[in-house]
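[1] Sequence first, then the predicted structure, then my questions.
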Amino acid sequence: MILAGLDCARACAFWPSDAAPVATSARRAGGVLLVEDTEITVTAAVPAGHKVALREVAPGQSVRKYGQAIGRATRAIASGAL
């Protein structure tokens, strides 16, 4: 998909609280993923099927995927990071 001159792919967040949507196709570092109306610039290469931080996650904060807590961040995670 081309959006505003950028090569974009989608990522699926299945629950509004999800902080870790799943990339539906591979992206290079600096590539853009779309989650609904939000654009995420990925900070590293992302293989299809991997999760990417939708927003910043603070150390100790719960990380959610598919609406479920899948763990706690052990360090700060920037938006777009794996």
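    All right, it came through fine.
[2] While we're on L54, how confident is the model there?
    On pLDDT, L54 comes in at 88.
[3] Now do it against R27, distance only.
    Separation of L54 from R27 (CB to CB, to the nearest Å) stands at 14 Å. C-beta here means a position set from N, CA and C on the backbone, and glycine is covered the same way.
[4] Centre-most residue in this protein?
    For the chain, V52 is the residue whose C-alpha lies nearest the centre (CA atoms, centre = their mean; 2.8 Å).
[5] show me where this structure has strands.
    Secondary structure of the chain (DSSP state E): strands located at 2-3, 6-12, 22-23, 32-35, 38-41, 62-65, 68-72.
[6] between those, which one is nearest to P47?
    With CB to CB as the criterion, P47 lies closest to strand 22-23 of the strands of the chain, at 7.4 Å.
[7] who's in contact with the closest one?
    For strand 22-23, contacts defined as CB atoms under 8 Å, 6 or more residues apart in numbering pick out 9, 11-13, 33, 42, 46-52, 65.
[8] Count residues in the vicinity of V63, would you?
    17 (other CB atoms under 10 Å).
[9] An error on my part: the question was meant for G30.
    13.
[10] Would you mind confirming that it is in contact with I40?
    No. Using CB atoms under 8 Å, G30 is not in contact with I40, being 11.3 Å away.
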